[in-house]
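Enquirer: need a structure here:
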Amino acid sequence: MTGTRKLQSFLFLACVFIAIGAQASTINANSCSATDVQAAINQTSTGDTVNVPGGSCTWNTVVTLSSSQQITLNGGGATITWGSSGGLSVTPGTSTNTYVTNFTFNGSFTNGDCPIGFYTSTSPLTQTFRFYNNTLNGGNPSSPGTFICVNGNGPGLFDHNSFSTSHGADEMLHVLGLGSGNGDGWLDVVPPGGPNMIFLENNTFSCSGSTIASAIESYYGSRTVLRYNTFTNAQIDQHGGGGIGARWWEVYNNNFPDGAPICMRAGSGVIYSNTGSGNIFMLQENGTYPAAYQDGRGQNETLDPAYVWLNGGTPLQLNTTGCATPEPNMVELNRDVYNASTGTSLPGTCSVNQAFWNTSSNTLYRCTSANTWTQYYQPYTYPHPLAQGNLPSPPSNLIATPQ
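Expert: Here you go, the predicted structure:
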């Protein structure tokens with residue numbers, strides 16, 4: 001390369017890094033108060049960072065990140081306690097990711113309300129939000145409390161957070177899909193292992209109370225991936241019960257040290273390689289077969305069996321009282337749910353809807369016609385791409401040496 005070309009390359013890179021730097025600014029909030037944090041947010045442009053200077057504050061108003069404020073909100077270790085009208089409302093935008101990190105949030109709201117709300121959209125598709133390295137303490141309200149509500153079907157990522165409560169009836173995170181009364185989440189194709197879902201990975205959920213809490217409750221056509229989390233006295237619950245149920249779920253590589261249950265009351269998906277897990281309940285609470293949105297149903301509520309394999313704890317419990325009261329005979333093995341076989345090479349024969357997990361390639365195959373295997377599922381990239389670190393900083397020691 002000639003000296004002129006090297007100089008041109010250097011100048012081009014320098015311009016790129018200057019442009020990147022010019023596009024992102026850091027705004028320091030004066031304190032952790034809701035007023036000061038909102039004032040800092042209101043000064044931002046897409047890609048900026050708001051740094052909160054730690055401290056302890058009670059928020060009595062809602063701090064809002066709108067779709068035009070696609071930024072990083074860094075709490076700097078601040079402890080926020082919810083007042084009766086306080087909250088954090090986040091609406092991701094369509095051009096870049098939104099991040100919330102390094103906060104401790106104390107308290108919960110009762111009667112299904114949530115102090116923290118995320119509002120996503122698939123049309124147009126919002127960019128993935130990330131909520132990470134936060135601590136959430138529910139306290140002990142007199143009625144069951146909720147910490148976070150997610151509206152829409154993502155995409156979004158919750159990772160490396162700690163959720164804890166001493167109130168056994170708490171429901172820590174609600175994934176609300178498209179909302180009560182909206183069945184559109186059951187009309188489209190959900191690619192197994194796809195990116196446009198709500199991901200929960202590497203979080204801890206714990207309840208110190210004498211009765212079990214719900215770590216996550218999903219509804220209304222939602223699709224959720226739960227992986228590499230720890231659930232202590234805290235269960236997973238995917239809702240049906242006659243309403244518009246959860247649509248799709250992937251539950252794998254989680255740890256249930258005290259045998260908290262997995263409760264599947266709607267939709268379909270995969271449950272595998274969980275350790276220490278207790279009962280895996282699959283049931284339908286009312287209706288006659290096939291009931292609306294029941295286990296083992298997919299797009300347009302047609303048959304789309306769920307698959308289960310390589311879990312610890314107790315095997316599948318079908319139509320069994322545990323997390324709800326079931327109607328009898330509504331979920332059947334080898335119709336609505338299958339135990340997938342495992343190994344390193346596909347069997348030579350199969351029957352329709354049987355499944356095989358290739359342990360060497362981490363791929364689930366489904367039998368689509370007699371003796372015909374078709375690749376059905378591979379887990380999405382782990383760690384999630386947003387959890388794999390930021391882009392490297394531009395080099396600071398470039399030297400142009402014409403030759």
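Enquirer: only C-alpha atoms for contact and neighbour calcs from this point on.
Expert: Fine.
Enquirer: so residue 104 bridges to which residues?
Expert: Counting by DSSP bridges, residue 104 is bridged to residue 79, residue 135.
Enquirer: report the contact partners of it.
Expert: Residue 104 makes contacts with 77-80, 134-137, as judged by C-alpha atoms under 8 Å, 6 or more residues apart in numbering.
Enquirer: selection in PyMOL covering whichever of those residues are buried, please.
Expert: To isolate the buried ones among these in PyMOL, judged by 16 or more other C-alpha atoms under 10 Å, type:
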select buried, resi 77+78+79+80+134+135+136+137
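Enquirer: dump the contacts of residue 104 to TSV, plus distance to residue 341 and pLDDT.
Expert: What follows is the contacts of residue 104, written out as TSV (distance: C-alpha to C-alpha, whole Å; pLDDT from 0 to 100):
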residue	distance to residue 341	pLDDT
77	46	98
78	48	98
79	48	98
80	48	98
134	38	98
135	39	98
136	39	97
137	40	95
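Enquirer: relative to residue 55, which of the contacts of residue 104 is nearest.
Expert: Using C-alpha to C-alpha, residue 78 is the member of the contacts of residue 104 that lies nearest residue 55, at 4.8 Å.
Enquirer: quick one: low-confidence ranges for the stretch 151-300 of the chain?
Expert: Of all residues in the stretch 151-300 of the chain, none has pLDDT under 70.
Enquirer: again, 80 this time
Expert: In the predicted model, the stretch 151-300 of the chain carries pLDDT under 80 at residues 241-242, 277.
Enquirer: and the strands in it?
Expert: For the stretch 151-300 of the chain, applying DSSP state E, counting those that start in this stretch gives strands covering 156-159, 162-165, 171-175, 198-201, 204-207, 213-218, 223-227, 230-232, 234-238, 248-252, 262-264, 268-272, 280-282.
Enquirer: pairing partners for the first one, with directions?
Expert: This points to strand 156-159. Strand pairing for strand 156-159, determined by DSSP bridges: strand 129-132 (parallel), strand 198-201 (parallel).
Enquirer: need phi/psi at residue 98.
Expert: For residue 98, the backbone dihedrals (degrees, to the nearest 10) come out as phi -120, psi 140.
Enquirer: please report how far it lies from residue 80.
Expert: In this structure, residue 98 and residue 80 are 20 Å apart, going by C-alpha to C-alpha, to the nearest Å.
Enquirer: format the contacts of residue 104 as JSON lines; extra columns: distance to residue 204.
Expert: Output for the contacts of residue 104, formatted as JSON lines (distance: C-alpha to C-alpha, whole Å):
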{"residue": "77", "distance to residue 204": "18"}
{"residue": "78", "distance to residue 204": "20"}
{"residue": "79", "distance to residue 204": "19"}
{"residue": "80", "distance to residue 204": "20"}
{"residue": "134", "distance to residue 204": "11"}
{"residue": "135", "distance to residue 204": "10"}
{"residue": "136", "distance to residue 204": "10"}
{"residue": "137", "distance to residue 204": "12"}
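Enquirer: closest one to residue 346 out of the contacts of residue 104, please.
Expert: Closest to residue 346, out of all of the contacts of residue 104 and judged by C-alpha to C-alpha, is residue 134, at 42.9 Å.
Enquirer: and of the contacts of residue 104, the nearest to residue 383?
Expert: Distance ranking of those against residue 383, using C-alpha to C-alpha, places residue 134 first at 17.6 Å.
Enquirer: what's near enough to touch the closest one?
Expert: Going by C-alpha under 8 Å, 6+ apart, residue 134 touches 101-105, 160-162.
Enquirer: what about 10 Å?
Expert: 75, 77-78, 100-105, 158-163, 203 (C-alpha atoms under 10 Å, 6 or more residues apart in numbering).
Enquirer: same deal with residue 321?
Expert: Contacts of residue 321 (C-alpha under 10 Å, 6+ apart): 281-283, 285, 327.
Enquirer: so it: helix, strand or coil?
Expert: coil (DSSP: H, G, I helix; E, B strand; the rest coil).
Enquirer: before we move on, what about residue 39?
Expert: Residue 39 ends up helix, using three-state DSSP.
Enquirer: just checking, it touches residue 65?
Expert: No: counting by C-alpha atoms under 10 Å, residue 39 does not reach residue 65; the two are 11.3 Å apart.
Enquirer: of the two, which one has the most company?
Expert: Neighbours were counted for residue 39 and for residue 65 using other C-alpha atoms under 10 Å; residue 65 has more, 23 against 16.
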